[in-house]
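A.B. asks: Fold the following and give me the result.
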Amino acid sequence: MPVLDGFEECRILKGNPEYRDIPIIFHTARLDVDSITHAFQLGAVDYITKPFNAAELLARVKNQVELHNAKKMLKFVNSSLKKQSELKERRLVSEIEENQKEIIYALTEMVEATSDETGKHIRRVAEYARLLARLHPNLSFEDEEIIYHAAPMHDIGKVSIPGEILHKNGSLTAAETEVMKKHTTNAHEFFKNSERRFMKAADIIATQHHEYWDGNGYPKGLKEQDIHIYGRIVAVADVFDALTHKRQYKHAWTLEAALKYIQERKGVQFDHKTCGTIFRKL
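C.D. replies: Next comes the predicted model:
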């Protein structure tokens, strides 16, 4: 091979993804250890010296072809097993998330049962929050679904608020207001140990939906971007529904009055950029 020797040819073949898996057998008159070692370092699978026995050559070629085919089959089986494993994992995750949704729905019913003034407030807030997430330029469809399923938990902490405060007909005293505010931190106690995405989102929303953009909200006094976008969106949805529906202590506001209030509270209570984008699209 005056132009290209076997070593170089082997190196070229092994460097090409299309041919690198083809088994290469060296057939040569060279018997020195360095040549044999170099051949195997380049990726050869066997080494036959001249002169050769035809039966031995055919047997070695047959063995390498069978081994090559066995490797291909093993690779295929491993790939299939990996895909099956990934599919099972996705199904398991999906089942777990469906279970989370069922738990959320059950808890939602429980929260609604504890309050005679909210009616379908919880479910309406979820629908509003999903719409606001859909209109938000920086949120995905996945965010939209997470917010929709987690938003019903925004007031879950109220199950631990005494009934005489929760159902009081009239304004709360300062002390009662402080007790009511604890529904945010109480909710965190429910969810803090969960690593599931819906439950983690519910934790964020329940804990942060009363935080104010200017830092004057509760329970932590978070400010601006420190408030998670999920909390900021549900804050708007929660207030909008509260304003537009009758409560024991107030009449329902008109749509125009509620929107005006939210607009006026941009940059104070609500995220001014988020609200600005949303209302422009509305």
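
A.B. asks: per-residue confidence for residue 112?
C.D. replies: Predicted confidence (pLDDT) for residue 112: 66.

A.B. asks: ugh, typo on my part, it should be residue 195
C.D. replies: For residue 195, pLDDT reads 79.

A.B. asks: Against residue 142, how distant is it?
C.D. replies: As for residue 195, its distance to residue 142 is 17 Å (criterion: C-beta to C-beta, to the nearest Å). C-beta: built from backbone N, CA, C; applies to glycine.

A.B. asks: Those two: who's more crowded?
C.D. replies: A count of neighbours by other C-beta atoms under 10 Å puts residue 142 above the other of residue 195 and residue 142, at 10 against 6.

A.B. asks: Averaged pLDDT, the helix or strand hosting that one. What do you get?
C.D. replies: Assigned by DSSP states H and E, residue 142 belongs to helix 141-150. What helix 141-150 shows for mean pLDDT is 90.

A.B. asks: Same check on stretch 262-271?
C.D. replies: On average, stretch 262-271 scores 89.

A.B. asks: Extract the C-alpha trace of it and format it as PDB.
C.D. replies: This file holds the C-alpha atoms of stretch 262-271, laid out as PDB (Å, rounded to 0.1, in the frame of the first residue of the first chain):
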ATOM      1  CA  ILE A 262     -56.300  47.700  40.000                       C
ATOM      2  CA  GLN A 263     -54.900  50.200  37.500                       C
ATOM      3  CA  GLU A 264     -54.500  52.800  40.300                       C
ATOM      4  CA  ARG A 265     -52.700  50.300  42.500                       C
ATOM      5  CA  LYS A 266     -50.100  49.500  39.900                       C
ATOM      6  CA  GLY A 267     -46.600  49.900  41.300                       C
ATOM      7  CA  VAL A 268     -48.000  50.000  44.800                       C
ATOM      8  CA  GLN A 269     -49.900  46.800  45.500                       C
ATOM      9  CA  PHE A 270     -49.500  45.200  42.100                       C
ATOM     10  CA  ASP A 271     -46.700  44.600  39.600                       C
END
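
A.B. asks: got the contact list for that stretch?
C.D. replies: For stretch 262-271, contacts defined as C-beta atoms under 8 Å, 6 or more residues apart in numbering pick out 212-214, 216-217, 224, 227, 229, 232, 235-236, 239-240, 272, 275-276, 279.

A.B. asks: buried subset of these?
C.D. replies: For the contacts of stretch 262-271, a burial check counting by 16 or more other C-beta atoms under 10 Å picks out 212-213, 217, 227, 229, 232, 235-236, 239-240, 272, 275.

A.B. asks: Could you find the closest non-adjacent residue to residue 228?
C.D. replies: residue 204 (4.7 Å; C-beta to C-beta, 6 or more residues apart in numbering).

A.B. asks: same check, this time on residue 139
C.D. replies: Nearest non-adjacent residue to residue 139 (C-beta to C-beta, 6+ apart): residue 133, at 4.9 Å.

A.B. asks: neighbours around the one you found, how many?
C.D. replies: Residue 133: 26 surrounding residues under other C-beta under 10 Å.

A.B. asks: For the helix holding residue 142, buried residues please.
C.D. replies: Within helix 141-150, the residues that count as buried by 16+ other C-beta under 10 Å are 143-150.

A.B. asks: Dump that helix to PDB, restricted to CA.
C.D. replies: Coordinates of each C-alpha in helix 141-150 appear next as PDB, following Å, rounded to 0.1, in the frame of the first residue of the first chain:
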ATOM      1  CA  PHE A 141     -48.200  27.100  28.700                       C
ATOM      2  CA  GLU A 142     -46.700  25.000  31.400                       C
ATOM      3  CA  ASP A 143     -46.800  28.000  33.800                       C
ATOM      4  CA  GLU A 144     -50.400  28.600  32.800                       C
ATOM      5  CA  GLU A 145     -51.300  25.100  33.800                       C
ATOM      6  CA  ILE A 146     -49.400  25.200  37.000                       C
ATOM      7  CA  ILE A 147     -51.000  28.400  38.100                       C
ATOM      8  CA  TYR A 148     -54.400  27.200  37.200                       C
ATOM      9  CA  HIS A 149     -54.100  24.000  39.300                       C
ATOM     10  CA  ALA A 150     -52.200  25.700  42.200                       C
END
